[in-house]
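Peer 1: Build me a model from this:
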Amino acid sequence: MRIRHIEVRNFRGIKCLNWAPSPHVNCLIGAGDSGKTSILDAIELALIPRAQTIFDDSHFFNLDYDNSIRISVTLGELPEAFKALALYGSYLRGWDPMAKSIAEEPDEANGLESVLSINLEVDKTLEPRWRVFRDRVLDDGTPDRTIRFEDRPLFAPTRLGAYADRHLTWGRNSILTRLTRKDRVGSDVLAEAARAARRHFVASGEPLFKDVIDQIPRQARQVGVTIGGNVAAKLDVGGVALSSGGVSLHEDELPLRLLGEGSSRLLVAALQANLADSAPIALIDEVEHGLEPHRISRLLRYLKSHRDGGRPQLFLTTHSPVVLQELAIDDLAIARRYSSTGRVTVFSAETGLAKPSSQAQLRTMPAAYLARSVLVCEGKTEVGLVRGLDRHWSKNGADPLAALGVAPADGGGKDNAPLVAKHFAHLQFKVALFLDSDKDPDDTTVLPFLESQGVKIIRWEKGKATEDVLFNDLGDNALRAMLRLLADEPDLGAIPDNINTLAQANIAGSWIDIQARCTEAPIRAHLTSGAKKFEWIKRRLSLSEEIGFRILGPAATNLRGTNAECLAQLRAWIDSE
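Peer 2: Numbering: from 1, shown residues only. As a prediction, the model looks like this:
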């Protein structure tokens with residue numbers, strides 16, 4: 001079975017959600033409080049009816065218990081037996097895979113798959129009510145129907161959260177219990193084990209408690225409680241009655257539930273891969289929890305390698321760039337919550353770019369997909385400068401980019417960077433594009449289009465590249481400081497040779513002379529052309545970061561032309577909501 005559609009109303013921070021997930025991997029990402037974990041909880045609550053489930057007012061959106069919680073999970077790829085009228089045939093609905101919509105009547109001949117909608121409703125009485133849902137059933141008075149007890153294991157998802165050790169015992173709903181035939185752990189064997197434990201305790205354990213037991217009758221009489229003299233310490237029948245949950249996997253004498261968190265999760269995930277028939281849906285919260293990067297990669301590759309071979313439909317959440325790098329772009333589901341209304345939307349991250357390009361973005365800048373805002377920079381030089389500026393601003397009391405949820409991203413050049421900005425804008429990120437202005441993108445329509453989509457365009461003064469700003473528009477003292485920084489770089493020893501190669505008759509060729517005369521206009525122009533031709537700044541991201549921190553940041557307000565205003569716009573966008 002596969003989940004075709006999820007509908008949530010008035011549950012926790014979700015006022016309303018309608019989502020048609022992928023039949024394979026759904027890795028939910030989004031800002032904090034966007035409802036990712038609540039979506040996993042909603043699926044689990046709807047598909048695992050439990051009479052002992054406790055609801056309270058905090059489960060209702062905005063504590064508004066007058067509006068009932070409604071969770072509906074629609075399932076496809078049903079076993080043929082379920083379609084019989086004697087089981088659930090009267091409750092079948094239709095699923096249109098093209099329109100991603102539900103029809104009240106199935107019509108498999110015309111492409112409408114037969115599906116079942118499982119509904120959970122909780123009203124102000126806080127009593128949960130599960131049923132197989134269909135509008136027609138409500139209209140014609142057909143009695144409510146729930147999933148039969150013997151069918152529930154086929155619907156119930158497996159939840160792998162931060163603590164996986166419970167799945168390494170034969171407890172309720174554990175993976176080991178589902179993998180075991182009902183008669184494999186017989187109740188008679190467990191009952192006899194409890195009796196043997198009590199007999200052994202009577203024979204050898206009672207003397208350990210004799211001193212305490214002798215005081216009990218006397219102390220009881222002091223408070224008017226009558227206890228006979230035949231007091232003994234024995235195993236309580238209820239306290240030691242063994243259930244299947246008392247049986248766990250061991251390695252020699254060591255229970256495997258005592259494995260480290262990462263090892264437990266890996267082992268449970270491997271066991272879960274054998275549950276395609278009996279547990280077709282898996283929920284994994286914070287998939288990276290307790291795992292080193294190489295083990296994250298191993299786990300995800302294992303799960304994904306089995307996903308098309310009858311393996312579970314996966315619902316994951318993550319805050320790890322390592323996880324994103326191991327996934328395909330169409331595995332990502334972006335969750336967005338609109339705080340003013342509580343509406344939550346979930347959509348594929350494949351939106352906006354052709355798949356090879358969007359996949360490349362995911363591989364090279366996974367952290368951007370986990371941020372609130374993305375600052376797309378023309379290239380590595382600008383990314384480094386922004387990082388350095390961030391250090392300078394933070395040193396002087398401004399909020400760092402990370403604290404504001406802003407991630408700089410390398411756009412890969414003047415023509416590709418607008419496409420990257422377009423991609424993130426399609427995914428409903430707050431986006432800015434930081435470009436040189438010496439050359440416009442070849443697509444003359446792209447920048448106006450981005451502005452119409454709310455993307456902030458930030459560019460240096462007209463006709464200026466970053467090298468022009470650094471070598472032509474810095475103040476004299478700042479330029480001297482930057483040349484000293486370049487001179488101290490051990491792997492940039494070719495700079496003097498570069499300068500000499502470009503030397504003109506009226507310019508001294510010595511690097512020392514160049515530094516001494518750097519404030520002269522011809523020398524500035526000479527340094528600029530050398531930087532552009534030999535890519536001094538682009539050789540190392542760390543170098544441009546140091547220039548941003550030590551040179552450009554302190555000198556920002558004294559830049560020539562409109563470049564100071566450009567950096568002011570950049571900071572204003574970072575600080576804006």
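Peer 1: Just the buried positions in the helix or strand where Phe347 lies, please.
Peer 2: Phe347 belongs to strand 343-348 when assigned by DSSP states H and E. When burial is assessed from 16 or more other Cβ atoms under 10 Å, strand 343-348 yields the following buried residues: Val344, Thr345, Val346, Phe347, Ser348. Just so you know, the C-beta spots here come from the backbone N, C-alpha and C atoms, and that holds for glycine as well.
Peer 1: Just list what whichever helix or strand comes after that strand packs against, helices and strands only.
Peer 2: Per DSSP H and E, the first helix or strand lying C-terminal to strand 343-348 is helix 355-364. Contact here means 3 or more Cβ pairs under 8 Å, 6 or more residues apart in numbering; DSSP states H and E; on that basis helix 355-364 packs against helix 321-325, helix 416-426.
Peer 1: Find the residue closest to the residue most central in space within the chain in space, skipping its chain neighbours.
Peer 2: By Cα atoms, centre = their mean, the chain has its centre lying nearest to Thr318, at 2.7 Å. In this structure, Thr318 finds its nearest non-sequential neighbour in Val287, 5.3 Å apart by Cβ to Cβ, 6 or more residues apart in numbering.
Peer 1: Tell me the secondary structure at Thr519.
Peer 2: coil (DSSP: H, G, I helix; E, B strand; the rest coil).
Peer 1: which residues touch it?
Peer 2: Under the criterion of Cβ atoms under 8 Å, 6 or more residues apart in numbering, the neighbours of Thr519 are Asp476, Leu479, Arg480.
Peer 1: do the same with Asp390
Peer 2: Asp390 neighbours (Cβ under 8 Å, 6+ apart): Pro400, Leu401, Gly548.
Peer 1: picking up where we left off before, quick one: the helices and strands packed on helix 355-364 as JSON lines, columns for mean neighbour count and mean pLDDT too.
Peer 2: Shown next, in JSON lines, are the helices and strands packed on helix 355-364 (neighbours: other Cβ atoms under 10 Å; pLDDT from 0 to 100):
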{"stretch": "helix 321-325", "mean neighbour count": "20", "mean pLDDT": "92"}
{"stretch": "helix 416-426", "mean neighbour count": "23", "mean pLDDT": "93"}
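Peer 1: Now distance to Phe82 too, for these, in JSON lines please.
Peer 2: As requested, these are exported to JSON lines (distance: least, Cβ to Cβ, whole Å):
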{"stretch": "helix 321-325", "distance to Phe82": "35"}
{"stretch": "helix 416-426", "distance to Phe82": "39"}
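Peer 1: quick one: which of those helices is nearest Ile458?
Peer 2: Smallest distance to Ile458 across those (Cβ to Cβ): 11.0 Å, for helix 416-426.
Peer 1: For that closest one, name the packing helices and strands.
Peer 2: Helix 416-426 packs on helix 355-364, strand 373-377, strand 430-435, helix 446-452, going by 3+ Cβ pairs under 8 Å, 6+ apart.
Peer 1: Residues touching that helix, excluding its own?
Peer 2: 351-353, 357-358, 361, 368, 374, 376-379, 409, 411-412, 431-433, 435, 441, 443, 446-447, 449-450, 453-455.
Peer 1: helices or strands up against the helix or strand Ser529 falls within?
Peer 2: Using DSSP H and E, Ser529 sits in helix 521-534. In terms of contacts (3+ Cβ pairs under 8 Å, 6+ apart), helix 521-534 is packed against helix 466-472, helix 495-502, helix 511-516.
Peer 1: Below-threshold pLDDT in the stretch 451-577 of the chain: ranges please.
Peer 2: Within the stretch 451-577 of the chain, the stretches with pLDDT under 70 are 489-510, 539, 577.
Peer 1: mind listing the strands for the stretch 51-200 of the chain?
Peer 2: Taking DSSP state E, counting those that start in this stretch, the strands of the stretch 51-200 of the chain run over residues 69-76, 93-96, 101-103, 113-122, 128-133, 158-160.
Peer 1: Can I get the ones you listed in TSV including distance to Glu467 and mean pLDDT?
Peer 2: As requested, the strands of the stretch 51-200 of the chain are exported to TSV (distance: least, Cβ to Cβ, whole Å; pLDDT from 0 to 100):
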stretch	distance to Glu467	mean pLDDT
strand 69-76	57	96
strand 93-96	55	94
strand 101-103	54	93
strand 113-122	59	94
strand 128-133	64	91
strand 158-160	51	78
